[in-house]
Structures are given as structure tokens and as C-alpha cells.
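Engineer: sequence below, structure please.
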Amino acid sequence: EEVYYVPLPDKVVRMLNAARLCTLATAGPHLSLMNFSYYRPDEVIILTTRRDTKKYRQIETSEEVSILINDFPLLRSNENDEMPGGRTGSITLNGIATILADKDALSLKYRAYHLENNPGYRQFIDGQEDIAVIKVSFESASMCDFSDKVDYWQRGS
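Structural biologist: Predicted structure coming up:
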């Protein structure tokens, strides 16, 4: 078992940069499949959501969230197949979600970056004033590989 500190280790950054989808867990509990972007200069996850959603209301109430990102195969092909090489496993990030103010410079910067990383999902990111930008600053993370080895990361310690 290893514990990492800032900055995130390269293997975590590679997976964050390669993945597009995550599962967001908010208080309630509630799970949502989300497009995300990892913005390395600020070590944050960028999400967008409509303001009329359950997840938005829950983030307004409780800013603590968890995010699960994995590169598991999407479909079962053969139960006996070996896992393809190069797969990482899963990352769980625990942190604080902040709803950014509309037209704020940071909100505009993050929205543009998120759209650049997810150009096919404009309808979920831009073009409507009822879509909020959410910044997730993570405090801790765990990464589990396919051999069930778990590494941990803590901010600042």
C-alpha cells in the first residue's frame, strides 16, 4: 500500500486525461453518469449540469462528493477473457464540489476547457444559461488495479 501526495502520480493523471465519463456520487445518496474534464494546472475535475437536477440541488445542500472513474470493459464478451493490457482499474476521488458563478472568469475558462475536451456534448456544457459549471477539488483518492492493489493519495500531507 502506497500513499501519494501532491502532485498526483502520473498513472492517475494518465487515466484522468484518457477517461471521459465518471460516476458522481452526491449526498442523498444519488449517482449520476457525467462527462468530466481533468484540469491539471488547478488539480480539479470540471463538470457541468442543469440547475433543475437532483444532483445540483444536493450539491447546493452538501458540497461533499465522490467521483468514480474506471477503464473497465463496457460489455462482457467472454467471462474467461483476460483483461487487456494497459488497463488501470478504477480511481475514487473524494472532494468538495463548488458551483461557480455564471459569467465568472473561472467559470468561463472551465466551461471552454470542458467543451474543448468533450466537443460532442455541447448540449450538456454550453448554450443554455441553466447549465452550471461545477469545480471539484479533491482531498483524497484511491486507485485500485486489476490485481487488487490499492494506492492512496492525500492532498497536502
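Engineer: which stretches of this protein form strands?
Structural biologist: 3-4, 21-26, 30-35, 37-39, 44-50, 64-70, 90-99, 131-144, 150-154 (DSSP state E).
Engineer: just checking, what packs against the fifth one?
Structural biologist: Meaning strand 44-50. Secondary-structure packing of strand 44-50 (3 or more Cβ pairs under 8 Å, 6 or more residues apart in numbering; DSSP states H and E): strand 30-35, strand 37-39, helix 54-61, strand 90-99, helix 105-117, helix 122-125, strand 131-144. For the C-beta atoms, the positions are set from N, CA and C on the backbone; glycine is no exception.
Engineer: between those, which one is nearest to Leu68?
Structural biologist: Proximity to Leu68 (Cβ to Cβ) singles out strand 90-99 among the helices and strands packed on strand 44-50, at 5.4 Å.
Engineer: list the strands paired with that closest one, with their directions.
Structural biologist: Its sheet considered, strand 90-99 pairs with strand 64-70 (antiparallel), strand 131-144 (antiparallel) by DSSP bridges.
Engineer: and Arg111, which of the strands of the chain is closest to it?
Structural biologist: With Cβ to Cβ, the closest approach to Arg111 among the strands of the chain belongs to strand 131-144: 5.1 Å.
Engineer: tell me what angle that closest one forms with helix 105-117.
Structural biologist: Taking axes from the mean of the first three to the mean of the last three Cα atoms, to 10 degrees, one finds strand 131-144 and helix 105-117 inclined to each other by 70 degrees.
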